[in-house]
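>>> Structural data only, the sequence is not supplied:
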């Protein structure tokens, strides 16, 4: 889909990554910068856009009502101003709605730069760059084994470590493919480096974003808008000092058998991004013939593009059934 209007945002920042990779931590740190306001997760590309789509033909009031009943409701800071901005659009489409919501959130807060953080927007980098050509993308990378160990503990993810491992491979593979198309606009941050020494890890991020260095980003007592009231049960550590020991906690949280099983699936990507495998692990695409075929067919560039089309079609159909006006 081509964008219907030029975004008024100045170099918007998007923080992406596999779930439980540290996206909230990075977005919250940057949201404390005097020039950056960080939004709560919009879930726009992977959920809200499909809720908004049926309302587009019914006008700005219907669109705003849909947003207020969606996970993006926390981005509505000035309802009247947002409604006026939606009504002023020449074309009301999925792209322009997202642009306006972000623009009005930034305007209501008053800071010059906006940061939006939704982890699985990792799989929609191409669309974000189409809608926001001057955007800056921060991709936070975390050891896939640690992501699995963390996801097992939350009630909104599956508890099957094998399924979680394949999800990590799928998302990292998609991110790698898309990031290669915009090398000047995508910057990777390693979670392990960030929590080990934020003072060293953040200056390159500031330079990439073209913002002045600020000690405010290290002040965890400063409040930010990044965490929704509904998310504090699993994002409560954002307001606390960094805990370097969490980087290796997965070694205790997962059994040796599960670790080896994960490494059979994740091995090639783990090693590619600098993570060491356990003794005895085989850095192959997958141990079984089925696994090797799955890796070859689903995680090649053509397979990933086809997979994304199927996912978006499925999500759109589901949204139309579930959120029928």
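Yep, that arrived. Note that this is a predicted model, so its numbers are computed, not measured.

>>> Okay, the spatially most central residue of the chain and residue 77: tell me how far apart.
In the chain, the C-alpha nearest the mean C-alpha coordinate belongs to residue 119, at 1.7 Å (Cα atoms, centre = their mean). Remark: distance between residue 119 and residue 77 (Cβ to Cβ, to the nearest Å) = 22 Å. To be clear about C-beta, it is placed using only N, CA and C from the backbone, and glycine gets the same treatment.

>>> Then residue 128?
22 Å.

>>> Neighbour count: the two, which is higher?
In this view residue 128 and residue 77 are compared by other Cβ atoms under 10 Å, and residue 128 has more residues nearby, 24 against 17.

>>> show me what contacts that one?
Listed by Cβ atoms under 8 Å, 6 or more residues apart in numbering, the contact set of residue 128 reads 14, 45, 121, 135, 137.

>>> One more pass at 7 Å, please.
Residue 128 makes contact with 14, 121, 135, according to Cβ atoms under 7 Å, 6 or more residues apart in numbering.

>>> neighbour-wise, which of these leads?
For these, neighbours tallied by other Cβ under 10 Å; top is residue 14, 25 neighbours.

>>> What are the phi and psi values at that residue?
Residue 14 adopts backbone torsions of phi -120, psi 130, taken as degrees, to the nearest 10.

>>> can you pull up the bridge partners for it?
Beta-bridge partners of residue 14, counted by DSSP bridges, are residue 116, residue 137.

>>> so who does it touch?
116, 121, 128, 135, 137.

>>> any low-confidence regions in this structure?
1-6, 225, 228-241, 280-299, 311, 315-316, 318-325 (pLDDT under 70).

>>> again, 50 this time
1-4, 285-286, 323-325 (pLDDT under 50).

>>> what ranges do the strands span in it?
13-16, 36-38, 113-117, 136-141, 186-190 (DSSP state E).

>>> and the fourth one, what does it pack onto?
Read it as strand 136-141. On a contact count with 3 or more Cβ pairs under 7 Å, 6 or more residues apart in numbering; DSSP states H and E, strand 136-141 meets strand 13-16, helix 23-31, strand 186-190, helix 198-209.

>>> Please repeat the previous calculation with a cut-off of 6 Å.
Under the contact definition 3 or more Cβ pairs under 6 Å, 6 or more residues apart in numbering; DSSP states H and E, strand 136-141 sits against strand 13-16, strand 186-190.

>>> Quickly name whichever of the contacts of residue 128 is closest to residue 268.
Set against residue 268, the nearest of those by Cβ to Cβ is residue 121 (24.2 Å).

>>> Who are the contact partners of the closest residue to the closest one other than its chain neighbours?
Closest residue in space to residue 121, ignoring its immediate chain neighbours: residue 16 at 4.8 Å, by Cβ to Cβ, 6 or more residues apart in numbering. By Cβ atoms under 6 Å, 6 or more residues apart in numbering, the contact list for residue 16 reads 121-122, 139.

>>> Is it correct that residue 118 is in contact with residue 41?
Yes. Here residue 118 lies in contact with residue 41, judged by Cβ atoms under 6 Å, at a distance of 4.8 Å.

>>> before we move on, the earlier item: what's the distance between the residue nearest to residue 121 and residue 244?
From residue 16 over to residue 244 (counting by Cβ to Cβ), the distance is 23 Å.

>>> Surely the residue nearest to the centre of the chain touches residue 22?
No. Counting by Cβ under 6 Å, residue 119 sits too far from residue 22 to count as a contact (9.6 Å).

>>> Show me what counts as buried in stretch 142-162.
Within stretch 142-162, the residues scored as buried using 16 or more other Cβ atoms under 10 Å are 142-152, 157, 161.

>>> gap between the residue nearest to residue 85 when sequence neighbours are not counted and residue 10?
Distance criterion Cβ to Cβ, 6+ apart; nearest residue to residue 85, sequence neighbours excluded, is residue 100 at 4.8 Å. Residue 100 sits at a distance of 15 Å from residue 10 (criterion: Cβ to Cβ).
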